[in-house]
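Q: Generate a structure from the sequence data that follows.
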Amino acid sequence: MSTKEHHDHHTTPTGYKRWLYSTNHKDIGTMYLIFALVMLFVGGGMAMLIRAELYMPGLQLVEPDFYLNMVTNHALIMVFAVVMPAGVGLANWMIPLMIGAPDMALPRLNNLSFWLLPAAAVMLVGSMIVPFLGFGTPINTGWTLYPPLSIQSGMGMDMLIFTVHILGISSILGSINIVSTIVNLRAPGMEWMKLPIFVWAWLFTALLLIIIMPVLAGGVTMLLFDRHFGTAFFDAAGGGDPVLFQHLFWFFGHPEVYVLLLPSIGVLGMVIPTFARKPLFGYKTLIYGMLILIILGLIVWAHHQYTVGMSLGATTYFMIGTILISVPVGLMNFNFICTMWRGAMTFETPMLFAISIILMFSFAGTTGVMLAVVPADMQYHDSMFVVAHFHYALIPGSLLGLYAAIFYWLPKWTGNMYDEKLAKIFFWWTIIGFNVTFFPQHFLGLAGMPRRIVDYSMQFTDFNVISSVGSFVFGLSHLLFLYIIIKTIKGGPKAGNKPWDGSQIGTIGLEWTVPSPPPYHTFTTPPEIK
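A: The predicted structure follows:
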């Protein structure tokens, strides 16, 4: 066997081994995306069950304890098993291609990062099942895992703590890989200020993850010690402080929001210039905006804890810091709007998602400023208003960003164009379902309905009915999403080398059809109109 044959024989496993032993960034990216899609249906199914329970006052479908367990796991699945893996999947697929690298810097670490996830997912779902087998009580803490509730829960809680550790290891390893790749494997001539905005977004995301994940790991490890080894970190009876856990959790939990958001900002920075057919407006300001965002994001965590009795000085500091975050976010929004300004815009599905993100995320920013103000937050705290706010932040800010990315890059991944008509139906179906679900929850919260409750008073019925109907509309739209993806993978019109240059999308006749310099300066009146 010649050296070449020997090499080929050893580096191209086929069948299941191709996936199990994969060190190929595209295959691993694909596995991340498929895993996220599967977990989207698991977590989404829980959300629909939660909304079915809340359709009417009274107890309908599930036991209160199991209901709270579902609320807990729905959040953990959506954050750790859907949005983050899907984002890492995009990063794996696209970053090497964008910077001219042959693969990720640490391919075998890449494989490990992925395979930790299915193991963690099994543990996470298992934590819901063990109470039914007679091991302890269901986890009733919500995704924040606050003690003393988390100290009293049964065996499921231990599985959950272990799950968080595994997910954290996976995130940290994946992040180290992404940073190493971007720093070390850029093609000659690919300088820092030439990197696509998506690559910058992931560099910041990965750095943020490396900073915050160990803090969460420390917090849940201390929790484990409190549960089994007689320590009292969070137990007031032994001289500990339950609020300490809240600080550790939110030091992770608040920057985590930006971990979920930044990859979508990167996607918008690719999608909007393409369909506006103009270069990105303010490339450097967008990069500095992201940098300011992660720095501020790291120092405002305790705005989740205004009601725990911090000093006036501390709450004032966190309030001002939180309001300041609206500055870089607003800046990014203006950058995207200015990119679209007087562009030769067409409205394919990725662009529709991008525009919807700008509109709805801005609304989340508005309610976010309301929640940042201490006296107001005292009223909104732990109400449905908060639930509405963070779903307006996270669904447009991360999930819809992922959808924009998937429709934008599916032609590149599969070689086939997706069905544009079906994709647009999916877009409108999703957007309408989403808004009908979550908009009424603002009113519920302002009227005083608490979050995380299984039964509620009569006066909240009407808005809950609307919200629940919306959630079924929103949830069922994803069956169409699945169908579109499978249909595209199986076949369809072939995508060319440049699927969005105009020739593929029926918009021939534009003078310039790629993100190149526009024919006139963007902000002046063209000569023929004067």
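
Q: pLDDT weak spots in the chain?
A: Within the chain, the ranges that satisfy pLDDT under 70 run 1-11, 502-530.

Q: if we go to 90?
A: 1-15, 134-137, 152-154, 277-278, 344, 491-530 (pLDDT under 90).

Q: In it, which helix is the longest?
A: helix 242-276 (DSSP state H).

Q: Tell me the helices and strands packed up against the following helix or strand past it.
A: Per DSSP states H and E, helix 242-276 leads on to helix 283-297 as the next helix or strand towards the C-terminus. Packed against helix 283-297 by the contact rule (3 or more C-beta pairs under 8 Å, 6 or more residues apart in numbering; DSSP states H and E) you find helix 197-228, helix 242-276, helix 312-340. All C-beta atoms are positioned from the backbone trio N, CA, C, and that covers glycine.

Q: which of the residues in the longest one are buried?
A: By that I understand helix 242-276. Buried positions in helix 242-276, judged by neighbour count with 16 or more other C-beta atoms under 10 Å: 242-243, 245-276.

Q: how close does V38 get to H254?
A: V38 is 28 Å from H254, where distance means C-beta to C-beta, to the nearest Å.

Q: Also M70?
A: 24 Å.

Q: Let me see the contact set for V465.
A: 55-56 (C-beta atoms under 8 Å, 6 or more residues apart in numbering).

Q: what's the helix or strand for it?
A: Going by DSSP H and E, V465 is part of helix 461-490.

Q: Need the nearest residue in space to T437, chain neighbours excluded.
A: In space, T437 comes closest to G470 once its chain neighbours are excluded; the distance is 3.5 Å by C-beta to C-beta, 6 or more residues apart in numbering.

Q: Is it correct that W200 is in contact with M290?
A: Yes: counting by C-beta atoms under 8 Å, M290 is a contact partner of W200 at 6.5 Å.

Q: For the residue nearest to T437, the count of nearby residues, please.
A: 21 (other C-beta atoms under 10 Å).

Q: What count of nearby residues applies to I139?
A: Neighbours of I139 under the rule other C-beta under 10 Å: 30.

Q: Look up phi and psi at it.
A: phi -80, psi 120 (degrees, to the nearest 10).

Q: Return the backbone torsion pair for G154.
A: phi -90, psi -150.

Q: What is the neighbour count of it?
A: For G154, using other C-beta under 10 Å, the count is 17.

Q: Isn't it up against F132?
A: No: using C-beta under 8 Å, G154 is not in contact with F132; the gap is 11.4 Å.

Q: Verify the stated contact: M56 with M458.
A: No: between M56 and M458 there is no contact under C-beta under 8 Å: 9.9 Å.

Q: Neighbour count for the two, which is higher?
A: More neighbours surround M56 than the other of M56 and M458, with 15 against 9 (other C-beta under 10 Å).

Q: Check the gap between the nearest residue to K278 once chain neighbours are set aside and I325 for me.
A: Nearest residue to K278 in three dimensions, chain neighbours excluded: G343, at 4.3 Å (C-beta to C-beta, 6+ apart). Here the criterion is C-beta to C-beta. By it, G343 lies 28 Å from I325.

Q: okay, those two: which has more neighbours?
A: A count of neighbours by other C-beta under 10 Å puts I325 above the other of G343 and I325, at 23 against 20.

Q: burial count for the nearest residue to the more buried one once chain neighbours are set aside?
A: Among residues not flanking I325 along the chain, L296 sits closest, at 4.9 Å (C-beta to C-beta, 6+ apart). L296 sits with 19 neighbouring residues when counted by other C-beta under 10 Å.

Q: How about the contacts made by L296?
A: Applying C-beta under 8 Å, 6+ apart, the residues near L296 are 321, 324-325, 328.

Q: tell me which of the residues you listed is nearest to P138?
A: I325 (35.2 Å; C-beta to C-beta).

Q: so what's M70 up against?
A: 46, 49-50, 62, 128.

Q: next one: phi and psi at M56?
A: Residue torsions, per degrees, to the nearest 10, at M56 are phi -130, psi 160.

Q: immediately after the helix or strand hosting T72, which helix or strand?
A: According to DSSP H and E, T72 maps onto helix 64-76. Using DSSP H and E, the helix or strand that follows helix 64-76 towards the C-terminus is helix 84-99.

Q: how about the helices in the stretch 401-530 of the chain?
A: All helices of the stretch 401-530 of the chain, identified by DSSP state H, counting those that start in this stretch, fall at 401-414, 420-446, 461-490.

Q: any chance of the ones you listed in CSV, with distance to A314 too?
A: CSV is the format used below for the helices of the stretch 401-530 of the chain (distance: least, C-beta to C-beta, whole Å):
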stretch, distance to A314
helix 401-414, 33
helix 420-446, 25
helix 461-490, 35
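
Q: tell me the most buried of those?
A: helix 401-414 (a mean of 23; mean count of other C-beta atoms under 10 Å).

Q: just checking, what packs against it?
A: With 3+ C-beta pairs under 8 Å, 6+ apart as the test, helix 401-414 has helix 25-53, helix 84-99, helix 242-276, helix 349-372, helix 461-490 packed against it.

Q: what angle do it and helix 242-276 make?
A: 50 degrees (axes from the mean of the first three to the mean of the last three C-alpha atoms, to 10 degrees).

Q: Apart from its chain neighbours, what residue comes closest to A105?
A: Per C-beta to C-beta, 6+ apart, closest to A105 is S180, 3.8 Å.

Q: What of A75?
A: That would be W143: by C-beta to C-beta, 6+ apart, it lies 3.5 Å from A75.

Q: So what's the residue count around the one you found?
A: Neighbour count of W143, defined by other C-beta under 10 Å: 20.

Q: That one: what's it in contact with?
A: W143 touches 71-72, 75-76, 79, counting by C-beta under 8 Å, 6+ apart.

Q: Any chance of TSV for the residues you listed, columns neighbour count and distance to A423?
A: Formatted as TSV, those follow (neighbours: other C-beta atoms under 10 Å; distance: C-beta to C-beta, whole Å):
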residue	neighbour count	distance to A423
V71	24	32
T72	28	33
A75	18	28
L76	22	30
V79	20	26
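
Q: okay, those residues in CSV with distance to L280 next?
A: Compiled in CSV, the contacts of W143 are given as follows (distance: C-beta to C-beta, whole Å):
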residue, distance to L280
V71, 39
T72, 40
A75, 33
L76, 35
V79, 29
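
Q: closest to G496 among the residues you listed?
A: Using C-beta to C-beta, those come closest to G496 at V79, 37.1 Å.

Q: which residues touch the closest one?
A: Residues near V79 by C-beta under 8 Å, 6+ apart: 143, 256, 260.

Q: Distance-wise, check the residue lying closest to the second one once chain neighbours are set aside relative to P255.
A: Using C-beta to C-beta, 6+ apart and skipping the chain neighbours, the partner closest in space to E256 is I212 (6.6 Å). If you measure I212 against P255 using C-beta to C-beta, the figure is 5 Å.

Q: what do you get for G297?
A: Distance from G297 to P255, by C-beta to C-beta: 5 Å.

Q: Name the residues contacting each of those two.
A: L208.

Q: re the thing from before, reformat the contacts of L296 into TSV and put distance to I453 next to each item.
A: Formatted as TSV, the contacts of L296 follow (distance: C-beta to C-beta, whole Å):
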residue	distance to I453
G321	31
L324	33
I325	29
P328	35
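
Q: Any of those residues buried? List them.
A: Here, 16+ other C-beta under 10 Å leaves 321, 325, 328 buried among the contacts of L296.

Q: separation between the residue nearest to A75 and T346?
A: 40 Å.

Q: Ok, M360 next?
A: 21 Å.

Q: who's more crowded, those two?
A: Legend: neighbour count by other C-beta under 10 Å for M360 and T346, higher for M360 (22 against 17).

Q: Quick check: chain neighbours aside, which residue is closest to the more buried one?
A: Nearest to M360 is P396, by C-beta to C-beta, 6+ apart, at 4.0 Å.

Q: so what's that neighbour up against?
A: Contacts of P396 by C-beta under 8 Å, 6+ apart are 356-357, 360-361, 364, 434.

Q: wait, what's in contact with the nearest residue to R51 once chain neighbours are set aside?
A: Spatially, and ignoring its direct neighbours in sequence, R51 is nearest to S471 (3.8 Å; C-beta to C-beta, 6+ apart). Contacts here follow C-beta under 8 Å, 6+ apart; on that basis S471 touches 47-48, 51, 433, 437.
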